[in-house]
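K.L.:
What follows is a predicted structure for the sequence shown.
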Amino acid sequence: MSRICEITGKSVITGNRVSHSNIKTKRRFYPNLQTKKFYVPEEDAWITLKVSAQGIRNINKKGIMACLKDAEKMGLIKL
């Protein structure tokens, strides 16, 4: 399964690991993903999402249905 947030679309990015002698080698920066269950009162059901910490904050701020609709518009999930 890919490391992509289902709400915000955050994914792995690449960069350089820089040693003390300034040698650069490729590395990967992973998003802070959590597997979390959310209750959707409109559907009276629990859903499990793989979301980043920022995605959890967005859900707490806007609500689960608003975030799911935004994610559907971006093409991240299907309702």
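P.N.:
It's in.
K.L.:
As PDB, could you dump the C-alpha coordinates of stretch 71-79?
P.N.:
As requested, C-alpha coordinates have been extracted for stretch 71-79 and formatted as PDB (Å, rounded to 0.1, in the frame of the first residue of the first chain):
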ATOM      1  CA  ALA A  71     -10.800  14.500  -1.000                       C
ATOM      2  CA  GLU A  72     -13.300  13.200  -3.500                       C
ATOM      3  CA  LYS A  73     -13.000  16.400  -5.500                       C
ATOM      4  CA  MET A  74      -9.200  16.000  -5.600                       C
ATOM      5  CA  GLY A  75      -9.600  12.400  -6.700                       C
ATOM      6  CA  LEU A  76      -8.000  10.800  -3.600                       C
ATOM      7  CA  ILE A  77     -11.000   8.700  -2.600                       C
ATOM      8  CA  LYS A  78     -14.400   7.600  -3.900                       C
ATOM      9  CA  LEU A  79     -17.500   7.900  -1.900                       C
END
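K.L.:
can you list contacts of it?
P.N.:
Applying C-beta atoms under 8 Å, 6 or more residues apart in numbering, the contact partners of stretch 71-79 are I4, E6, I7, G9, L68, K69. For glycine as for every other residue, the C-beta is placed from the backbone atoms N, C-alpha and C.
K.L.:
buried stuff in it?
P.N.:
Judged by neighbour count using 16 or more other C-beta atoms under 10 Å, the buried positions of stretch 71-79 are A71.
K.L.:
hang on, the earlier thing: now rank the contacts of stretch 71-79 by neighbours and give me the top one.
P.N.:
Using other C-beta atoms under 10 Å as the neighbour test, the contacts of stretch 71-79 are led by I7, with 25 neighbours.
K.L.:
Is that residue in contact with A53, as I believe?
P.N.:
No. Between I7 and A53 no contact is recorded; they are 10.8 Å apart, counting by C-beta atoms under 8 Å.
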